[in-house]
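1. Requesting a structural model of the entry that follows:
(one chain, ligands or ions: 2)
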Amino acid sequence: MSQVIRPYLGEINDFYDRILRFESQVELAHSYDPSEGPRQYVKEDIDRVMEAVAGGFDFDARALEGLRAALRAEKVDFMALTGGAGALLEDELQFLSIISRPFFRSMNRAAGRDNAFWDRGRCPVCGSVPCLSVIEKESQRRYFCSFCGCRGFYRRIGCPQCGNDKARDITIISLEGEEGMRADTCEKCMSYCKTFESPMMADHSPDALDIVSISLDIVVQQKGFFRHSPNPLGIIRMA
Ligand SMILES: [Zn+2]
Ligand SMILES: [Zn+2]
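-> Ligands and ions are numbered 1, 2, ... in the order given. The predicted structure follows:
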């Protein structure tokens, strides 16, 4: 763990614990099947989710009321989040990506698409661009969706964002003293995907790997590369 992130690690872990508690407290009435299509919480779930949000976080009360009203008016589109930040402010993206976690996780359970090949480099459940992968035995590369948690396979060499598979455009960045993790950066579209060696998976969930490697995000982003999906704390830009 680099010096950059160590002083903040306590706070980061506390925040992630809150997010996990929030998720475990929400019991959804509806199962969100991606083929059926609600793109936000249905009526029966809005109050359940908002109650857990109000109890679990110190978010601004006005922001919560605004969101509750928008959800009731069916004006929220969680599926649009997976296309990147777009016109959203970073705070809004963070807020919405945390609040939508039970929605996306439910979608993944309903879809049951784990271990498929991701044809276009996108999560087959929610369409997001992966920012996390693990090199497994026989050099297979398994990808993880930051939104719904789906896991699957894509080319070992290549950029899931733009499909570029020319090795000369892919540069590997790793940090001294941080074994078992690296970022595969694409010079063509300037995005990156963090890659871990499989023993790292023994001790960490994909979410936890994303969090312990924030120092790598910071360094890679300082070099001008972007991630297209936020981390489990809802953060997309670290530098
Ligand atoms: Zn997904
Ligand atoms: Zn690319």
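2. which parts of stretch 55-74 are buried?
-> For stretch 55-74, a neighbour-count test (16 or more other Cβ atoms under 10 Å) marks 56-57, 64, 67-68, 71 as buried. (Each C-beta comes from the backbone N, C-alpha and C, glycine too.)
3. I misspoke; the intended subject was stretch 33-47.
-> Using 16+ other Cβ under 10 Å as the test for burial, stretch 33-47 gives 34, 38, 40-41, 45-46.
4. following the helix ranked longest in the chain, which helix or strand comes up?
-> When the chain is scanned for its longest helix (criterion: DSSP state H), the result is helix 9-25. As assigned by DSSP states H and E, the chain's next helix or strand after helix 9-25 is helix 43-56.
5. angle of that following helix against helix 9-25?
-> Angle, helix 43-56 to helix 9-25, by axes from the mean of the first three to the mean of the last three Cα atoms, to 10 degrees: 150 degrees.
6. Which residues outside the helix or strand bottoming out on mean pLDDT in the chain are in contact with it?
-> Within the chain, judged by mean pLDDT, DSSP states H and E, the helix or strand with the poorest mean is helix 199-203; its value is a mean of 87. Here helix 199-203 makes contact (Cβ atoms under 8 Å, 6 or more residues apart in numbering) with 134, 180-181, 209.
7. what do you get if the cut-off is 10 Å, keeping everything else the same?
-> 134-136, 142, 144, 179-181, 208-209, 212-213 (Cβ atoms under 10 Å, 6 or more residues apart in numbering).
8. excluding its backbone neighbours, what's nearest the residue most central in space within the chain?
-> Closest residue to the average C-alpha location of the chain: Ser146 at 2.4 Å, with Cα atoms, centre = their mean. Nearest non-adjacent residue to Ser146, counting by Cβ to Cβ, 6 or more residues apart in numbering: Ser229, 4.0 Å away.
9. contacting residues around that neighbour?
-> By Cβ under 10 Å, 6+ apart, the contact set of Ser229 is 81-85, 97, 123, 126, 128-132, 144-147, 193, 210, 236.
10. out of those, which are buried?
-> Neighbour-count burial (16+ other Cβ under 10 Å) applied to these gives 81-82, 84-85, 97, 123, 126, 128-132, 144-147, 193, 210, 236.
11. how about the CA coordinates for the least confident helix or strand of the chain, as CSV?
-> Extracted C-alpha coordinates of helix 199-203, given in CSV (Å, rounded to 0.1, in the frame of the first residue of the first chain):
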residue,chain,number,x,y,z
PRO,A,199,-3.4,-15.2,-5.8
MET,A,200,-4.7,-11.7,-4.9
MET,A,201,-8.2,-13.1,-5.3
ALA,A,202,-7.6,-15.5,-2.5
ASP,A,203,-7.7,-12.7,0.1
